[in-house]
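Asker: Need a 3D model of the following:
(2 chains)
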Amino acid sequence: MRFNVFRMSWRNLWRHPRRTFLTALAFAIGVFLLITSLGLGDGMHEKMIDTGIRMGSGHIVIEPEGARDTIGEQLYLSKENTSAAEQVLASAGIRGEVRGSAPRLLASGLLSSAANSTGVQVIGAIPEREANIALLPEKITKGTFLEREGRTPPALIGSGLAEKLDVDIGSKVVLMTQAGSEIQSQLLRVRGIFSTGMEQVDQRLVSVRLEDLQAVVQRPGAISHLAVFLNDSLRTPALRAEIDRELTTLAEGPAPSVLSWRQAMPELDEFIIIDDAGNYLFNGVLLFMVTLGVLNTILMAVLERKREFSLLLCLGMHPWQITTMVIVESMMLTALGAGAGLAMGWGTHAYFAKYGLDLTSLMDQSFSVAGVSVDAMVYSYLYPGRIEWTLSFVAFLGFAASLYPALRAARTDPTEATRG
Amino acid sequence: MTSHSKPAVRTDSVRKIFKSGDQTVAAVDGVTLEIHRGEFAAIAGPSGSGKTTLLNLIGALDEPDEGKVWIDDTEITTLSRGQRADLRKDKIGFIFQSYNLIEVLSALENAEFVLLLQGVPPSERRRRVTEMFKKIGLEGLENRRPHQLSGGQQQRVAIARAIVASPSLVLADEPTANLDSATGAALLDVMQELNQEIGTTFVFSTHDPRVMDRASRLIRLVDGKIEDDH
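Answerer: Sure thing, here's the model as predicted:
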């Protein structure tokens, strides 16, 4: 096209500034809502993933093969495979991407105080390796994280559990658990109390030092899994595959399973997929409505300009050039709206990313979804590519909205211009 | 007038029928004519006689139901929409009763629009339009938008647009109908001058006797048929 379609289209847009402004505003509001809702949705998901990962078994978990298929029988990583896994994590290609790793031993048992007793899940952990990566140390409301004082092994218990057993910092409790075919008991002293907001966790979880639990279950050096925490959660699939590959060559006997958090926490993964689908549907409907409005405006404008298109055809403009001109006008309108919407959406995203959106007036301080605690304070976060995706989608909608009016404009009867 | 030269326009038994409900009306009914290069021809007749329809058929804006039309040696009735657009761009200039300038373009940009479509380089476009503006008294109005011009000025811009690309044929549909008599006369002077200087073929429709008097050839249409041609 040799004539400057952009200049003419741009001027055409400003023939009716109010109409252009209102149509662009429709797109702007659509883009603004889309970016804001994606930011809050992604922010909530990221927080849930982070909570799930930090409360659970990390971005990647290395565990004995078949650990999830056995019921009632506890499987342990052999010392050789634990050391092979540590070696893989320390290798040059992986080390830089790992924030930390934590060996843990899991057991179930009965915790008793002078007042009461209840069934519990016990995690044996190394406090130094849990610090800065696991969530439990951050959720301590009283006392310390498994600091050893005196000869009695320390225990960190949930606030619900402390209430149930009527114990506090310094109280003694007895843990009874199975060690092979025998029942073993161990006196523990409560050194810390945590509160995660997740009822299940606060009422059932006990954390003790790894070596203390290994002694109780009579499995020196045994661990149930190695939780791996990464610097970038988006690198999880690639690193999982790499660790799995490396470990397969180094492992002795059956290679341990290397699972991503999605495999380790399928309920959370499914919740996020379903929630994302719901968000996409909502945003899709919203933008569809906006597109219909824009289509209507462009179509009305085209019908009003029949005489002008007819004139252009008289002067020798090709029908396809008219189609192009209308599409360019529509894309400029879309760009204006998308630009304004992007600025508004980005501003809102930046605000909520910094200060968060407080939903406590609508719900409790935190609530639990798919076994993971969700804070009522949501911080906006956009996954990489969200803005590009949003703008591409809106550009597509702008193009789609212009197509029918543009083709209609090209079909204008050229004799229209000769009618007085 | 060069009556022995090759025809710029030729029609052969051209017929155009319009349907309105059950009724059919032949707006142009078997018109056969030749208009030669350099002619300043008027198609006259009362309202509804088929003047505009005949101009539309000659200008490749509409297709006849029967008959054939040639511009120079090209039979336009067999052309596709795109080919007809090219033919209009390269060979035909249009002047309309209601000026039909493009609102968003300045007078100069309106006048150079066809050159723009033809791909003429900017400097050449400017040179030709400036020259034309000087010739038809539009100097100093180059940057005005259509709504900032009087009716006569707008029609001069339309003439400049029709002429500046050097078409072999200019079709003007009642070009003076919306102008007062003095402005209309001035405009006819311009068109006549261009016809004589450049040799452009003009065919215009009119029912204004003052315009008919200026024509070198008068074709009278009644009910879509040529009643008189002299």
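
Asker: Which pLDDT value does the model give residue 88?
Answerer: Picking chain A for this. The score at residue A:88 is 93. That number is its pLDDT.

Asker: wrong one, chain B
Answerer: As predicted, residue B:88 sits at a pLDDT of 94.

Asker: and for the helix or strand hosting it, what are the contacting residues?
Answerer: Element membership of residue B:88, judged by DSSP states H and E, is helix B:81-91. With contact meaning C-beta atoms under 8 Å, 6 or more residues apart in numbering or on different chains, helix B:81-91 is reached by A:313-320, B:59-61, B:71-72, B:74, B:76, B:79, B:94, B:114, B:117-118, B:165, B:167-169. Heads up, the C-betas are built off the backbone N, CA and C, glycines and all.

Asker: Show me what counts as buried in that helix.
Answerer: B:81, B:84-91 (16 or more other C-beta atoms under 10 Å in any protein chain shown).

Asker: Return the helix or strand in chain B with minimum mean pLDDT.
Answerer: Between all helices and strands in chain B, the lowest mean by mean pLDDT, DSSP states H and E belongs to helix B:181-198, at a mean of 83.

Asker: Quick one: residues contacting residue A:411.
Answerer: Counting by C-beta under 8 Å, 6+ apart, residue A:411 touches residue A:319.

Asker: For residue A:163, see how far away it is.
Answerer: Separation of residue A:411 from residue A:163 (C-beta to C-beta, to the nearest Å): 76 Å.

Asker: Show me what counts as buried in the strand ranked longest in chain A.
Answerer: The single longest strand within chain A, with elements called by DSSP state E, is strand A:98-112. Within strand A:98-112, the residues that count as buried by 16+ other C-beta under 10 Å are A:98, A:100-107, A:109, A:111-112.

Asker: can you check stretch A:185-201 too?
Answerer: For stretch A:185-201, the neighbour count (16+ other C-beta under 10 Å) marks A:186, A:188-194, A:196-198, A:201 as buried.

Asker: So what would you say the end-to-end distance of that stretch is?
Answerer: End-to-end distance of stretch A:185-201 (C-alpha to C-alpha, to the nearest Å): 22 Å.

Asker: ditto for stretch B:125-144
Answerer: Terminal residues of stretch B:125-144 are spaced 18 Å apart (C-alpha to C-alpha).

Asker: for stretch B:11-30, same thing?
Answerer: End-to-end distance for stretch B:11-30: 9 Å, by C-alpha to C-alpha.

Asker: mind listing what residue B:16 touches?
Answerer: Residue B:16 is in contact with B:26-28, B:50, B:53, B:57, B:62, B:64-65, B:224, counting by C-beta under 8 Å, 6+ apart.

Asker: Tell me if I am right that it is in a helix.
Answerer: No. Under DSSP: H, G, I helix; E, B strand; the rest coil, residue B:16 falls outside any helix and is assigned strand.

Asker: Got the confidence number for it?
Answerer: You'll see residue B:16 listed with a pLDDT of 94.

Asker: again with residue A:207
Answerer: pLDDT for residue A:207: 95.

Asker: what sits opposite it in the beta ladder?
Answerer: Beta-bridge pairing of residue A:207 under DSSP bridges involves residue A:123, residue A:156.

Asker: Chain B: which of the buried residues of stretch A:185-201 is nearest?
Answerer: Nearest to chain B, judged by C-beta to the nearest C-beta, of the buried residues of stretch A:185-201 is residue A:197 at 61.4 Å.

Asker: just checking, that closest one is part of a helix?
Answerer: No. Counting by three-state DSSP, residue A:197 is not part of a helix but coil.

Asker: pretty sure it is touching residue A:376, no?
Answerer: No. Judged on C-beta atoms under 8 Å, residue A:197 makes no contact with residue A:376 at a distance of 9.6 Å.
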